[in-house]
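Visitor: I would like to see how this sequence folds:
(4 chains)
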There are 4 protein chains.
Amino acid sequence: MQLGMIGLGRMGANMVRRLMKGGHDCVVFDASPDAVQALAAEGATGADSLQAFVAALQPPRAVWVMVPAGVVDGMVAEVKALLEPGDILIDGGNSYYIDDIRRAEELARDGLRYLDVGTSGGVWGLERGYCLMIGGDTAAVQSLDPIFKTLAPGQGDIPPAPGRAAGGTAEQGYLHCGPAGAGHFVKMIHNGIEYGMMAAFAEGFNIMKRANIGKNDHSHDAETTPLRHPEHYQYDLPLADIAELWRRGSVVASWLLDLTANALTESPALEEFSGKVSDSGEGRWTIHAAIDQGTPAPVLSASAFQRFASRGEDEFACKLLSALRYQFGGHREKK
Amino acid sequence: MQLGMIGLGRMGANMVRRLMKGGHDCVVFDASPDAVQALAAEGATGADSLQAFVAALQPPRAVWVMVPAGVVDGMVAEVKALLEPGDILIDGGNSYYIDDIRRAEELARDGLRYLDVGTSGGVWGLERGYCLMIGGDTAAVQSLDPIFKTLAPGQGDIPPAPGRAAGGTAEQGYLHCGPAGAGHFVKMIHNGIEYGMMAAFAEGFNIMKRANIGKNDHSHDAETTPLRHPEHYQYDLPLADIAELWRRGSVVASWLLDLTANALTESPALEEFSGKVSDSGEGRWTIHAAIDQGTPAPVLSASAFQRFASRGEDEFACKLLSALRYQFGGHREKK
Amino acid sequence: MQLGMIGLGRMGANMVRRLMKGGHDCVVFDASPDAVQALAAEGATGADSLQAFVAALQPPRAVWVMVPAGVVDGMVAEVKALLEPGDILIDGGNSYYIDDIRRAEELARDGLRYLDVGTSGGVWGLERGYCLMIGGDTAAVQSLDPIFKTLAPGQGDIPPAPGRAAGGTAEQGYLHCGPAGAGHFVKMIHNGIEYGMMAAFAEGFNIMKRANIGKNDHSHDAETTPLRHPEHYQYDLPLADIAELWRRGSVVASWLLDLTANALTESPALEEFSGKVSDSGEGRWTIHAAIDQGTPAPVLSASAFQRFASRGEDEFACKLLSALRYQFGGHREKK
Amino acid sequence: MQLGMIGLGRMGANMVRRLMKGGHDCVVFDASPDAVQALAAEGATGADSLQAFVAALQPPRAVWVMVPAGVVDGMVAEVKALLEPGDILIDGGNSYYIDDIRRAEELARDGLRYLDVGTSGGVWGLERGYCLMIGGDTAAVQSLDPIFKTLAPGQGDIPPAPGRAAGGTAEQGYLHCGPAGAGHFVKMIHNGIEYGMMAAFAEGFNIMKRANIGKNDHSHDAETTPLRHPEHYQYDLPLADIAELWRRGSVVASWLLDLTANALTESPALEEFSGKVSDSGEGRWTIHAAIDQGTPAPVLSASAFQRFASRGEDEFACKLLSALRYQFGGHREKK
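Guide: The predicted model follows:
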């Protein structure tokens, strides 16, 4: 079927490619004419304006918007003015689900249908398919089923959970999760969990990296806790091998572990990274949701705070700790 | 080759079965004659005493001990008295690596070689193979290579990380990690990571479970924070479907997610569980190691504390919090 | 000077008493005629309706609203309709500072001035005075200086920090912190810190309470980590004495420690408390602010989550942890 | 009475001064002759060798050792050789209580009595007195009561908790907490709590410091979460004033808050501190104890991990997080 795609960055462009490979018709638009050009060369219908883009789509139109979360509202406003009742607008980016609830209401006033689609897959999606978490009106979701099916990874060689009733779409890698916002809510939690899992690996590998700390000299002074048993920390552990090992038969086998093995094989000391870790919204929103609900989330929040601290956002806090140590004990900071 | 196995619980018995299927000769002993009987009936050489067990093994003997961590030392002492220089004693249980360091030294004084093997695989190991993390003397490890190869899962359909040098054993699912204790050190960290990953899933699914909290009545009083936006928490999310969904193409795809899908398919509300979560040592030791090293482990420790609290170990702390609220604000606990 | 007080609960009534003792004129209103009656008997001007209340105040009026956070907006709307330009409305409750920003803007459109005053002092305020954190228009704050000065504790026997410039109000126990919302922002952080400090005491006393855990029998099985060194946990510590001790010369000396000593003296085992700990908003909002800012707050958030968990809000998470342990290891929960 | 003091650093020297002011006789020794000289000039009996030191004390001797934790064992061994049955050896430093248990046993074999005394007071102790947490043999503790009473702050103007039975020593600022190790156990927990309280203040003041973050430009890109409501973060809060304010009538009033006010008055931006925060043992040991016991300590451990991270000990963990983000999403670190 036909789909219009606005936003041809890494994600949007590859999704168009996957759709075309699956036999769908794609109309594409992007602020960059080069991006449009590139996909037109691969078979898409390129549009050089939003007007041309909308005109090239048959009603009821399906318009997928794949732009940074911060500019979705602007884009929705522009497109909305050009659409007609019955058209479907899909936000496939990383919107906050609370914005979805609002947008769905606003667009419904004009007879437009809004779907929010949380999309996991990153740079690997073109090849592996995109895991799609969908929120919004049921009829609209069903009408786009062929699109979702093509974008999704499909069942592959992963058998459904034993006892699972046949016939759902989850085992194909896409799912209608609930009304407006449900797609991005589930994607938000997905990313929150992702942060926690990443942190679990990061902390564990760091402890293994430092398993040889007993080989260092440690001074004995009042400002430093001496290592009581240096003989317990004499290991130079082969981290890349361990990641590779755990991929087979261990409890922590996971795609993130596969990527850990890749990363440590490429660069055992990871020296090209500074360790200032970004975070892109969903992790934070997960904590907001947990706090609103009164749901404990110590692990997910610790993983978010770790990232904040990696960027130095705890600077004043740490200075105050040192200042207090100086105030009550005359302790000077170590150089 | 020949291997002696002491301890025929779930793990030990299945390892013997996997070894025999791989063509190895197994001599077995257990405190329970029935357990010995059962494996003898499947082809193992049963022994009705430790003496008979040791006598049935050709020197240099390889004796694998697979008993609860709390009783390893007693068993090692008993067996040690019967072994001869050059024999190899393997602890495949969940020992603290610090005990391995000590035992290796003690046994070396008698010419015995000690290997520590962290084993992941649980009830699934017979079928999937056991992921083996090995510590100890290199020559001893190499002499047992056929045993490890058979127990391990093998490469299966998981290609090694791109760029990985050929010829290691990690991609077969077993690895010599370093000197005495290194195997259980790596297994300890593995379990620490496992705790963190499990907690990430548990917290995330809990937030999703409670995504309908806005449907409840909430009273307005000074002891309760009212939910500011109940309209943001109106979702009845299909948790088992979401677990199934994420297994395909998402960043959190993992064996633990597969098991989450299984668990939620079998029992969507998990009502047969009380939520008192056990912890069996390695998670705690991981924190001990992190603290000794001065390595931050906020996520791994939060996951351990969560389990402690689930069993009510925070009771007095919480009572004191309520008592303080009463002291300074006259706040009474809600019923 | 004259002040009108709406809301004669524990806090509002005692503030009126402190103001009258300081020579101020109070007009009072409450939904409960009895509450009005009681204070009228002590010298306040009682009003039996909001209309009568407003009529009894001389313009420019100063109306202090001291009602639960959840009903402030309704009350503000009612009062606003009766006030005149130049009048000052003070919210002394536990409002979210974001509501203050909104309310100040809305009231300004009608020429009304809005102050937000975070108030610490609880049941002790009548005697000790109330620590006041004030946000809003500078002229309005200054015009109410006599009120704030009377409510506040005053300098007492606490000398200002060495080197502090003379002449501020902070050393009197009240402070204009900034524009609209600043008062409740600072109060919010105050309570966030309070949660963290309370948790520090609660955890520390719990570890001391359990310092005799080595005296218990511990079974050795695969589901329980045996205590490696029971001889290290043989102390029956005198908790109330320790709290009393630390009040003198220790680094943790604090009002919360004084209250801990009180609580443990009254009831050493705290058996009249269930340990289900409430939380009343500011602790949560502190985390929201930290997350919005990208500021790490691992300690403050851990203390909030601890309270959530104490009320069982982690139930499904813990059930899932047990379910996963059963899935991968066949582990059954302990009874 | 007479007391011998070994170790005349900041703590030891000031304790001798306080004892002499209280009328006690002090014999002093230190590796540095200058330190001995200085106190001899103030009235102490200086000794230029351990032999001379011991000879100058009347049996049963009371020898207080005040040296860094890392060198206590060496000093105890040296002194032990010179003492006689019935003599008392006091470790007033920051020993691990587990070492106390061992030392008390070892010394008892030679008829010597060992006391462990956790001492809080730092640079302020000379003036305020030292809060003393004492472990060991009851008779030995009682025989030194005059020493403890003088060192301790005394009741001062702090009335005991209401209802407290009269006649204890806790209200004088010293307490026999239990058998060997109990003193340092209680001191350890004291410091663990101190870390948690300090972190609570540090995090809270950091959030207030950053309350103006909405004034900064924020770019909108996929790597950064834009601040949704910059209008909520426009406050330039007067941090030193707020600390001063809270000292009066607020729930967080405490000595640490007094010191926070001092520090922020001296240096509002704390620019002379780097923010690399040391930790000196007890905080870590508190977590070890919590883990051994299975007691949740999320707040105390978070405060320890924060310090580790402030010193860069999370570097490899953070690099791995960035590496994983690059692996799955092609995300490059921000400059």
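Visitor: Please identify the residues of chain A in proximity to chain C?
Guide: Remark: the part of chain A in contact with chain C comprises A:251, A:279, A:284, A:287-288, A:291-298, A:301-302, A:304-306, A:308-309, A:311, A:313-314, A:317, A:328, using C-beta under 8 Å from any C-beta of the partner chain. Heads up, the C-betas are built off the backbone N, CA and C, glycines and all.
Visitor: quick one: which of these sit in helices?
Guide: A:284, A:287-288, A:291-293, A:298, A:301-302, A:304-306, A:308-309, A:317, A:328 (DSSP state H).
Visitor: Mind giving me the PyMOL command for buried ones among these?
Guide: Only the buried entries of these go into this PyMOL selection, using 16 or more other C-beta atoms under 10 Å in any protein chain shown:
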select buried, chain A and resi 284+287+288+291+292+293+298+301+302+304+305+306+308+309+317+328
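Visitor: May I ask which two of the ones in helices among the residues of chain A next to chain C are separated the most?
Guide: A:293 and A:328 (39.0 Å; C-beta to C-beta).
Visitor: show me which of the residues of chain A next to chain C neighbour chain D.
Guide: Within the residues of chain A next to chain C, those near chain D by C-beta under 8 Å from any C-beta are A:279, A:284, A:298, A:302, A:306, A:309, A:313, A:314, A:317, A:328.
Visitor: ok, is stretch A:177-194 in contact with chain D or not?
Guide: No. For a cut-off given as C-beta under 8 Å from any C-beta, stretch A:177-194 has no contacts with chain D; the smallest distance is 8.7 Å.
Visitor: just the ones next to chain D among the residues of chain A next to chain C that are near chain B?
Guide: Answer for those near chain B (C-beta under 8 Å from any C-beta): A:298, A:302, A:306.
Visitor: With pLDDT as extra columns, can I get those in JSON lines?
Guide: Formatted as JSON lines, those follow (pLDDT from 0 to 100):
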{"residue": "A:298", "pLDDT": "98"}
{"residue": "A:302", "pLDDT": "98"}
{"residue": "A:306", "pLDDT": "97"}
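Visitor: The residue nearest the centre of chain A is in what secondary structure piece?
Guide: Taking C-alpha atoms, centre = their mean, the centroid of chain A lies closest to residue A:191, which sits 5.3 Å from it. According to DSSP states H and E, residue A:191 maps onto helix A:182-209.
Visitor: distance between that helix and the chain's centre?
Guide: Chain-centre distance of helix A:182-209: 10 Å, with C-alpha atoms, centre = their mean, to the nearest Å.
Visitor: Name the residues of that helix that come out as buried.
Guide: Result for helix A:182-209 [16+ other C-beta under 10 Å]: buried residues A:182-209.
Visitor: how much does it deviate in direction from helix B:298-310?
Guide: 110 degrees (axes from the mean of the first three to the mean of the last three C-alpha atoms, to 10 degrees).
Visitor: next SSE after helix A:182-209?
Guide: Following helix A:182-209 toward the C-terminus (DSSP H and E): helix A:239-246.
Visitor: Any part of that next one near chain D?
Guide: No. Residues of helix A:239-246 are not located near chain D by C-beta under 8 Å from any C-beta, the shortest gap being 9.0 Å.
Visitor: what packs against that helix?
Guide: Applying 3 or more C-beta pairs under 8 Å, 6 or more residues apart in numbering or on different chains; DSSP states H and E, one finds that helix A:239-246 contacts helix A:182-209, helix A:255-266, strand B:131-136, strand B:174-178.
Visitor: try it again with 10 Å
Guide: Counting contacts by 3 or more C-beta pairs under 10 Å, 6 or more residues apart in numbering or on different chains; DSSP states H and E, helix A:239-246 packs against helix A:182-209, helix A:255-266, strand B:131-136, strand B:174-178, helix B:182-209.
Visitor: Nearest approach to residue D:19 belongs to which of these?
Guide: Nearest of those to residue D:19, taken as C-beta to C-beta: helix A:182-209 at 45.4 Å.
Visitor: Is the closest one in proximity to chain B?
Guide: Yes. Residues of helix A:182-209 contacting chain B under C-beta under 10 Å from any C-beta of the partner chain: A:182, A:185-209.
Visitor: List the residues that contact residue A:35.
Guide: A:7, A:8, A:9, A:12, A:13, A:28, A:29, A:46 (C-beta atoms under 10 Å, 6 or more residues apart in numbering or on different chains).
Visitor: hmm, 7 Å instead?
Guide: Listed by C-beta atoms under 7 Å, 6 or more residues apart in numbering or on different chains, the contact partners of residue A:35 are A:8, A:13.
Visitor: Show the model's pLDDT score for it.
Guide: If you check residue A:35, the pLDDT there is 97.
Visitor: Hmm, residue A:233 is touching residue A:207, no?
Guide: No. Residue A:233 lies out of contact with residue A:207 (C-beta atoms under 7 Å); the separation is 10.0 Å.
Visitor: Give me the common contacts of these two.
Guide: With C-beta under 7 Å, 6+ apart, residue A:233 and residue A:207 have common neighbours residue B:293.
Visitor: ok, back up a step: can you add mean pLDDT and give the helices and strands packed on helix A:239-246 back as a markdown table?
Guide: Formatted as a markdown table, those follow (pLDDT from 0 to 100):
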| stretch | mean pLDDT |
| --- | --- |
| helix A:182-209 | 98 |
| helix A:255-266 | 97 |
| strand B:131-136 | 98 |
| strand B:174-178 | 98 |
| helix B:182-209 | 98 |
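Visitor: and residue A:125, what pLDDT?
Guide: The model's pLDDT for residue A:125 equals 88.
Visitor: host element of it?
Guide: Following DSSP H and E, one finds residue A:125 within helix A:125-128.
Visitor: Using PDB, write down the CA coordinates of that helix.
Guide: Output in PDB follows, covering the C-alpha atoms of helix A:125-128 (Å, rounded to 0.1, in the frame of the first residue of the first chain):
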ATOM      1  CA  GLY A 125      16.500  -2.000  11.600                       C
ATOM      2  CA  LEU A 126      16.900  -2.000   7.800                       C
ATOM      3  CA  GLU A 127      18.300  -5.500   8.100                       C
ATOM      4  CA  ARG A 128      16.600  -6.900  11.200                       C
END
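Visitor: quick one: it to chain centroid distance?
Guide: 15 Å.
Visitor: got the buried residues for stretch A:79-96?
Guide: A:79-80, A:82-83, A:87-96.
Visitor: Quick check, residue A:206 in contact with residue D:313.
Guide: No. With contact defined as C-beta under 7 Å, residue A:206 does not reach residue D:313; the gap is 8.1 Å.
Visitor: Quick check: neighbours shared by those two?
Guide: Common neighbours of residue A:206 and residue D:313 (criterion: C-beta under 7 Å, 6+ apart): residue B:295.
Visitor: ok, back up a step: need the contact list for the residue lying closest to the residue nearest to the centre of chain A once chain neighbours are set aside.
Guide: For residue A:191, ignoring the flanking residues on the chain, the nearest one in space by C-beta to C-beta, 6 or more residues apart in numbering or on different chains is residue A:282 at 3.4 Å. Contacts for residue A:282 (C-beta under 7 Å, 6+ apart) come out as A:94, A:187, A:188, A:191, A:192.
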